[in-house]
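**Student:** with the input below, show me the fold.
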Amino acid sequence: MGMLRQVAEYLYLKKKDPNEPRTQWMRYMHGINRLSIFMFLLAMIVLAVKLLKR
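**Tutor:** Here you go, the predicted model:
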């Protein structure tokens with residue numbers, strides 16, 4: 001699976017593959033990855049706002 005496709009699935013931009021096996025640990029891993037992507041995007045927005053305010 002491509003990296004951009006996986007990110008799109010994490011951000012709910014693309015539907016997940018229904019044939020992909022779902023395990024509890026995969027759900028945990030995907031949840032943590034989703035959280036880290038959202039935190040990274042939030043940090044980038046905060047940095048951009050701080051740089052633009054100067």
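
**Student:** helices or strands up against the lowest-mean-pLDDT helix or strand in the chain?
**Tutor:** Sorted by mean pLDDT, DSSP states H and E, the helices and strands of the chain end with helix 3-10, the least confident at a mean of 75. Under the contact definition 3 or more Cβ pairs under 8 Å, 6 or more residues apart in numbering; DSSP states H and E, helix 3-10 sits against helix 24-53. Every residue, glycine included, has its C-beta placed from N, CA and C.

**Student:** ok now the helix it packs on, how far from the chain's centre?
**Tutor:** 7 Å (Cα atoms, centre = their mean, to the nearest Å).

**Student:** and the angle from that helix to helix 3-10?
**Tutor:** 90 degrees (axes from the mean of the first three to the mean of the last three Cα atoms, to 10 degrees).

**Student:** so where is this structure shaky, pLDDT-wise?
**Tutor:** 1, 12-15 (pLDDT under 70).

**Student:** hmm, try it at 90
**Tutor:** Under the criterion pLDDT under 90, the flagged ranges of the chain are 1-31, 33-34, 37-38, 54.

**Student:** quick one on the thing from earlier: give me the buried positions along the least confident helix or strand of the chain.
**Tutor:** Neighbour counts using 16 or more other Cβ atoms under 10 Å place 9-10 of helix 3-10 among the buried residues.

**Student:** residue 9 is in contact with residue 37, correct?
**Tutor:** No: using Cβ atoms under 8 Å, residue 37 is not in contact with residue 9, being 10.8 Å away.

**Student:** show residues contacting stretch 36-54.
**Tutor:** Around stretch 36-54, the neighbours that count as contacts under Cβ atoms under 8 Å, 6 or more residues apart in numbering are 7, 10-11.

**Student:** how about CSV for the residues you listed, with distance to residue 41 added?
**Tutor:** Converted to CSV, these look like this (distance: Cβ to Cβ, whole Å):
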residue, distance to residue 41
7, 11
10, 11
11, 9
